[in-house]
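Participant: Need coordinates for the following:
(one chain, ligands or ions: 1)
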Amino acid sequence: MNEISAKNKDRKLRPIMFVGTGSDVGKSVIAAGFCRIFKQDGFSPAPFKAQNMSLNSYVTAEGLEMGRAQVVQAEASGIPCESDMNPVLLKPTSDQSSQVILNGKPVGNQSAHAYFMANDRHELFAAVKAAFDRLSQKYHPIVLEGAGSISELNLKHRDITNLRMAAHAGAATFLVADIDKGGVFGSVYGTIALLSAQERALMQGIIINKFRGDSRLFEDGRRMLEELTGLPVVGVLPYFRDIHIEEEDSVSLEKKYRLAATGKVNVAVILLPRLSNFTDFDRLESDERVTLFYSQDPAEIEKADIIIIPGSKNTTEDMLAIKNNGIASAILRSHKSGKTVVGICGGYQMLGAEISDPQGVEGSIASIPGLGILPLTTELQTRKTTMQCSFSFLNNPAKCTGYEIHMGTTKIHGQPSPVAVFEDGRQDGFLLNEKTWGCYIHGMLDNDHIIDYLLKPYAASLEKPRISIHDFKEEQYDKLANMIRQHVDINLIYNSLYKEPRVC
Ligand SMILES: NC(=O)CC[C@H](N)C(=O)O
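Facilitator: Predicted coordinates for the structure are as follows:
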């Protein structure tokens, strides 16, 4: 623990917030790092982001849905996640429409226009503030994350995620800028210059992120930015590749591999247009035996040993998309030639004979034939299933964990052949043979023996990964915290958290 935190440990820390000059500047990872720093220093931090837009969600122990970035940050804080950490989650179902999750429950699909305009989102902001207030009764400091850029002038009066939230929280606010993107002086100076006096009063400093090379070379730049903005540059964080923290949105998915490689078990995850929960594959991706790539190229997909059809926010439209772009035929050919084809959630639904949506839950396609590999049909319902689950996989009695998030219910035609049996006796999924199966459970590939089962036909002689997923994540959070401590003036940050907020 550093001197300042040790001396003042009994005093309540005010909230801290990380906002950005734009999206994908690294706010979530920095927030996760600070959650771990505060935990290491003996405080009881908790994360908060008022609104996320993401197809990567998770389910709390209470069966409430929330964005995964705050789940990661809660893990870094060493506490269970709860929906108050992310009260609003927008899950885009198409370019025009999102499913709106409020306090963990879907409140319907709304067009972007209706959602953003209604009464300047007054009610939503009230709900968000209430969630924050509940959370701050239990934890301190609250580590808030903003969304995108804080200088979207036309959206400011409807903002519920950035500086209006910082003002409500009285948060010491730090601006994060990505130097790797270029234009860091313009974006930092411009962002600060466009703030109102009240907003400016919240700002405590600047963090330059993703710096490549020796940061001493940036000393002049740091001084210039301080002169231009009147704010201290509290840290210059390096661009890193050796710390693995789960990432929030599909911007990061774009950067992942697209090609098969030799000498490893090749796993292709179909890059569906509305792919959801791609974090399902993080553990598999980090397995030394595997090369995992995301692809929408039928020729590349056919090179894989194992094809996984992932979850989808819009199974019917994604089914149509893979029929039209040749991927469905590539999957069928691979299946026939004896390769592994596995489906998770939406992907499981696609492996069946038909997906129907009589009530238009996902869109305008009332019904569409699936791949016809598994003897099952799915109907999308208006009621959403969201729950964490414990289950056993096939005949292995070991307890596995995962979670379900879906609107569809699936009927098996003929003899059941479940993949998973839940603690309450319920069954899920269908196993046609060792190389052909599917089920609803997200996170199932975080269970090592299921990964081993998947890889067994291809990887018997290859070395296994050694460290458990829990220990691996803990190690990564500690590495992240240590890296931040090395490059940020942590005393200055603590000082700003002991100061009373300036009245805005
Ligand atoms: N997470 C998913 O893959 C969801 C699948 C499908 N869209 C459903 O809601 O049932």
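
Participant: Apart from its chain neighbours, what residue comes closest to residue 427?
Facilitator: Using CB to CB, 6 or more residues apart in numbering and skipping the chain neighbours, the partner closest in space to residue 427 is residue 418 (3.7 Å). From N, CA and C alone the C-beta is placed, and that goes for glycine too.

Participant: how near is that neighbour to the ligand?
Facilitator: Per CB to the nearest ligand atom, to the nearest Å, residue 418 is found 18 Å from the ligand.

Participant: Residue 243 too?
Facilitator: 28 Å.

Participant: tell me the secondary structure for residue 94?
Facilitator: coil (DSSP: H, G, I helix; E, B strand; the rest coil).

Participant: Which residues are in contact with it?
Facilitator: By CB atoms under 8 Å, 6 or more residues apart in numbering, the contact list for residue 94 reads 274, 314, 317, 363.

Participant: Show me which of those is closest to the ligand.
Facilitator: Proximity of the contacts of residue 94 to the ligand (CB to the nearest ligand atom) peaks at residue 314, which lies at 6.1 Å.

Participant: Settle this for me: the closest one is touching residue 274, isn't it.
Facilitator: Yes - counting by CB atoms under 8 Å, residue 314 touches residue 274, with 4.3 Å between them.

Participant: the more surrounded of the two?
Facilitator: A count of neighbours by other CB atoms under 10 Å puts residue 314 above the other of residue 314 and residue 274, at 28 against 20.

Participant: Leaving out sequence neighbours, find the closest residue to residue 128.
Facilitator: residue 50 (4.4 Å).

Participant: among the contacts of residue 94, which are in helices?
Facilitator: Within those, residues falling in helices by DSSP state H are residue 317.

Participant: when you check the ligand, which of the contacts of residue 94 turn up near it?
Facilitator: Applying CB under 6 Å from any ligand atom, the subset of these adjacent to the ligand is empty.

Participant: picking that back up, what residues are shared contacts of residue 314 and residue 274?
Facilitator: With CB under 8 Å, 6+ apart as the test, residue 314 and residue 274 both reach 93-94.

Participant: Now do the contacts for the residue nearest to residue 427.
Facilitator: Neighbours of residue 418 in contact, by CB under 8 Å, 6+ apart: 427-431.

Participant: about what we covered before: out of the contacts of residue 94, which comes closest to residue 483?
Facilitator: The nearest member of those to residue 483, counting by CB to CB, is residue 274 at 34.3 Å.

Participant: Quick check: the closest one vs residue 98, distance?
Facilitator: 11 Å (CB to CB, to the nearest Å).

Participant: quick one: common contacting residues for the two?
Facilitator: Common neighbours of residue 274 and residue 98 (CB under 8 Å, 6+ apart) are residue 92.

Participant: State the number of residues packed around residue 457.
Facilitator: Quick note: residue 457 (other CB under 10 Å) scores 15 neighbours.

Participant: I'd assumed residue 338 was in contact with it.
Facilitator: No - Residue 457 lies out of contact with residue 338 (CB under 8 Å); the separation is 9.1 Å.

Participant: residue ranges of the helices in the stretch 201-350 of the chain, please?
Facilitator: 219-229, 250-253, 282-285, 298-302, 315-324, 327-336, 346-351 (DSSP state H, counting those that start in this stretch).

Participant: Least confident of those, on average?
Facilitator: Of all the helices of the stretch 201-350 of the chain, the segment with the smallest mean pLDDT is helix 250-253, scoring a mean of 56.

Participant: Could you list everything residue 391 pairs with in the sheet?
Facilitator: Per DSSP bridges, the residues bridged to residue 391 are residue 400, residue 422.

Participant: Contacts only, for it.
Facilitator: Residue 391 neighbours (CB under 8 Å, 6+ apart): 399-402, 420-423, 428, 441.

Participant: pLDDT, neighbour count and distance to residue 297 added to those, as a markdown table?
Facilitator: Putting the contacts of residue 391 into a markdown table (pLDDT from 0 to 100; neighbours: other CB atoms under 10 Å; distance: CB to CB, whole Å) gives the following:
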| residue | pLDDT | neighbour count | distance to residue 297 |
| --- | --- | --- | --- |
| 399 | 94 | 11 | 38 |
| 400 | 96 | 19 | 32 |
| 401 | 95 | 13 | 34 |
| 402 | 96 | 26 | 29 |
| 420 | 97 | 23 | 31 |
| 421 | 97 | 17 | 37 |
| 422 | 95 | 17 | 37 |
| 423 | 91 | 10 | 41 |
| 428 | 98 | 20 | 31 |
| 441 | 98 | 26 | 28 |
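
Participant: ok, of the residues you listed, which one's closest to the ligand?
Facilitator: Among the contacts of residue 391, and counting by CB to the nearest ligand atom, the member closest to the ligand is residue 441, at 10.3 Å.

Participant: show me what contacts that closest one?
Facilitator: 344-345, 389, 391, 402-404, 420, 428-429.

Participant: how about JSON lines for these, with distance to the ligand added?
Facilitator: JSON lines is the format used below for the contacts of residue 441 (distance: CB to the nearest ligand atom, whole Å):
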{"residue": "344", "distance to the ligand": "7"}
{"residue": "345", "distance to the ligand": "3"}
{"residue": "389", "distance to the ligand": "14"}
{"residue": "391", "distance to the ligand": "17"}
{"residue": "402", "distance to the ligand": "12"}
{"residue": "403", "distance to the ligand": "10"}
{"residue": "404", "distance to the ligand": "8"}
{"residue": "420", "distance to the ligand": "16"}
{"residue": "428", "distance to the ligand": "13"}
{"residue": "429", "distance to the ligand": "13"}
